[in-house]
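K.L.:
Here is my input; please provide its structure:
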Amino acid sequence: MNILRILSGGQTGVDRAALDFAIARQIPHGGWCPAGRRAADGLLDARYQLVETESSGYRQRTKHNVRDADATLIIYRGGLEGGSLLTRDLAAGHGKPLLLCDVHAPTEELLAAWQDWLVSHPIAILNIAGPSEARNPGIYLQASTLLGLFWSTEHEPI
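P.N.:
From the prediction side, this is the model:
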């Protein structure tokens with residue numbers, strides 16, 4: 001796997017799971033967050049190495065993270081909505097590789113899609129996005145588990 005950096009916006013849920021995963025695995029991380037380091041649960045902790053946008057809204061952060069990454073992984077549950085839908089549309093508009101992973105899909109299908117995607121696209125900087133914990137309770141843990149599977153040595157592409 002040639003992913004050298006993980007970007008995310010720091011919101012609760014999938015974004016935070018991605019950043020915590022990167023920190024735990026000692027993978028360089030970064031990305032953009034709203035001005036004032038605003039998040040649904042308060043202010044983003046300084047351990048998250050994020051750059052503040054000029055706006056306190058989430059759209060500018062999303063645009064910058066998609067723009068600055070080689071590709072985007074969206075982890076979601078059920079269907080895309082809100083910021084996840086915007087992320088998908090921005091990635092498609094920029095012609096960036098995009099992988100959509102519904103945590104309800106069979107694990108083996110998700111692992112196969114991940115491996116095929118990595119083989120098909122040179123990705124050094126990966127944006128990881130998805131819904132917030134408030135809109136999808138439990139998505140943080142589901143995203144963390146899925147990322148752990150994706151990075152496990154047993155499932156790395158040959």
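K.L.:
Please state the backbone phi and psi of Leu100?
P.N.:
Main-chain dihedrals, Leu100, degrees, to the nearest 10: phi -100, psi 130.
K.L.:
shouldn't it be in contact with Arg88?
P.N.:
Yes. At 7.0 Å, Leu100 counts as touching Arg88 under the criterion of CB atoms under 8 Å. Where you see a C-beta, it was placed from the backbone N, CA and C, and this is true even at glycine.
K.L.:
what is in contact with the two at once?
P.N.:
Common contact partners of Leu100 and Arg88 (CB atoms under 8 Å, 6 or more residues apart in numbering): 74, 80.
K.L.:
What segments of this structure are strands?
P.N.:
Using DSSP state E, the strands of the chain run over 5-7, 29-30, 32-33, 38-39, 42-43, 51-52, 71-76, 98-102, 125-129.
K.L.:
Check the ones you listed for me: which has the lowest mean pLDDT.
P.N.:
Mean pLDDT is lowest for strand 42-43 among the strands of the chain, at a mean of 84.
K.L.:
which one is Gly130 nearest to, not counting chain neighbours?
P.N.:
Spatial nearest neighbour of Gly130, chain neighbours left out: Val14 (2.8 Å); criterion: CB to CB, 6 or more residues apart in numbering.
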